[in-house]
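Visitor: Test case, fold it:
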Amino acid sequence: MDIRRLKSFIVIVDSGSITRAADLLHIAQPALSQQLAALEEHFGHKLLIRSQQGVSMTDAGHAVYRHAQIILRQMEQAQADASAAGNSLAGRVSVGLVPFSSAATLSVDLLAETRKRHPGILLHLTESVGQTYSQMIMNGRLEMALLHGTGPIKGVRFEPILSEEFFLVAHRDFAIEADAKPVPVNALDGIPLLLPPAYNFVRRAVDTAFTRTRTNLKVVAEVEIVRTLARAVGSGLGATIMPKAIADRIVSESSEPLICRLVSPRIEETLSLCVSDQNPLSEPALAVRDILLELTARLKG
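Guide: Numbering: from 1, shown residues only. You can find the predicted model right below:
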């Protein structure tokens, strides 16, 4: 098996087109098509379906893509281990940090601590709202992730880290009193809210709380960028309900005085460390995991 064929296959899938993949790989399209044909002949299955919209994976293609990611990661790690033999840890480690959570506040600290303790490790941080981290771990694109939820999901293992409480953040123009007591969910009936899209864990938790209390949830905009959300709330365009770490960030970044109150009944989500239950972590990944657990322990404190 030529490793280059696996690399080419991954690029074709990720780019969604053989033509785009050929441009990215700087090889002729017929040559790339030949590599794909050789790969399909090797496995005895069709791996991709071509259409005018691009390419899509067959069931066999999904299996090969997942293993190709793992094989290439192991090859990279073998090269890094050989180069660093007898010296410090080295290699690439990919970590997903779910947005709209305490995890998103750890990125700079994780980067700094990893550089300080293990300068040979190349840390790849992802903070994406459009991709499923558990699937990326199963496909070998991530080695670990901090995400909301406790599973179970076949192929990955969840280690609950902490529970995040949700807070209402609103401009004073909404006439919500500054009070240490939690604000009842039913008191927010009809208030314009700025929230992530419906597929987001934070949004689903808020939706569930409003449904259970039979309160009208009025979402006036769906925002996936924390900085934009903070500016919009500070401008009085709407209120929001977020985990405490994000609520605190919105308040700290606003030039306007904002109301920040716990919500009742309590809304909360569990933040978990997610890793593959099939593939053991490399030594560099274990080192990054230890740092990540140290940082999350500070959040609990």
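Visitor: switch to C-alpha atoms for all contacts and neighbour counts from now on
Guide: Fine.
Visitor: Any stretches of the protein with poor pLDDT?
Guide: Counting by pLDDT under 70, the chain contains low-confidence ranges at 1, 84-87, 129-131, 301.
Visitor: So the residue lying closest to His118 once chain neighbours are set aside, which state does it fall into?
Guide: Sequence neighbours aside, Leu89 is the residue nearest to His118 in space, at 6.3 Å (criterion: CA to CA, 6 or more residues apart in numbering). Secondary structure for Leu89, judged by DSSP: H, G, I helix; E, B strand; the rest coil, is coil.
Visitor: so Leu89 touches Ser282, yeah?
Guide: No: in terms of CA atoms under 8 Å, Leu89 does not count as a neighbour of Ser282; the distance is 10.1 Å.
Visitor: need the contact list for the residue nearest to His118.
Guide: Contact analysis of Leu89 by CA atoms under 8 Å, 6 or more residues apart in numbering lists 81, 118, 120-121, 283-284.
Visitor: List only those of those residues flagged as buried.
Guide: Taking 16 or more other CA atoms under 10 Å as the criterion, what is buried in the contacts of Leu89 is 81, 118, 120-121, 284.
Visitor: tell me what the longest helix along the chain is packed against?
Guide: Longest helix of the chain, by residue count under DSSP state H: helix 59-83. Secondary-structure packing of helix 59-83 (3 or more CA pairs under 8 Å, 6 or more residues apart in numbering; DSSP states H and E): helix 3-15, strand 91-97.
Visitor: In terms of secondary structure, what does the shortest one contact?
Guide: Contacting strand 91-97 under the criterion 3+ CA pairs under 8 Å, 6+ apart are the following elements: helix 59-83, strand 121-126, strand 144-148, helix 283-300.
Visitor: Direction included, what does that strand pair against?
Guide: Applying DSSP bridges, strand 91-97 is found paired with strand 121-126 (parallel), strand 144-148 (parallel).
Visitor: Could you look over the ones you listed and pick the most buried one?
Guide: Across the strands paired with strand 91-97, the average number of neighbours (mean count of other CA atoms under 10 Å) peaks for strand 144-148, which reaches a mean of 28.
Visitor: Quick check: what element follows that strand along the chain?
Guide: Using DSSP states H and E, the helix or strand that follows strand 144-148 in sequence is strand 156-171.
Visitor: continuing past that next one, what's the next helix or strand?
Guide: Using DSSP H and E, the helix or strand that directly follows strand 156-171 along the chain is strand 183-184.
Visitor: centre of the chain versus that following strand, how much separation?
Guide: 30 Å (CA atoms, centre = their mean, to the nearest Å).
Visitor: Direction included, what does it pair against?
Guide: Per DSSP bridges, strand 183-184 is paired in its sheet with strand 258-264 (parallel).
Visitor: Can you pick out the most distant pair from the contacts of Leu89?
Guide: Greatest spatial distance in these: Asp81 and His118, 13.4 Å, computed using CA to CA.
Visitor: quick one on the thing from earlier: which of the strands paired with strand 91-97 sits closest to Phe201?
Guide: strand 144-148 (6.5 Å).
Visitor: Check what contacts the closest one and list those residues.
Guide: Contacts to strand 144-148, defined as CA under 8 Å, 6+ apart, come from residues 94-98, 103, 133-134, 137, 201, 269-276, 289.
Visitor: What are the buried residues along stretch 61-72?
Guide: Buried residues in stretch 61-72 (16+ other CA under 10 Å): 61-62, 64-72.
Visitor: Of these, which is the nearest to His42?
Guide: Closest approach between these and His42, by CA to CA: Val64, at 11.2 Å.
Visitor: where does the residue nearest to the closest one when sequence neighbours are not counted fall, phi/psi-wise?
Guide: Leaving aside its chain neighbours, Val64 sits nearest to Leu47 (7.9 Å; criterion: CA to CA, 6+ apart). Leu47 adopts backbone torsions of phi -100, psi -30, taken as degrees, to the nearest 10.
Visitor: residue contacts, Leu47?
Guide: Applying CA under 8 Å, 6+ apart, the residues near Leu47 are 40, 57-62, 64.
Visitor: Look up how far Leu142 lies from the residue nearest to His118.
Guide: From Leu89 across to Leu142, the span is 19 Å (CA to CA, to the nearest Å).
Visitor: again, but for Ser272
Guide: 15 Å.
Visitor: Repeat that for His171.
Guide: The gap separating His171 from Leu142 is 38 Å, by CA to CA.
Visitor: Hmm, Ala21 and Ser33 touching each other?
Guide: No: using CA under 8 Å, Ser33 is not in contact with Ala21, being 10.3 Å away.
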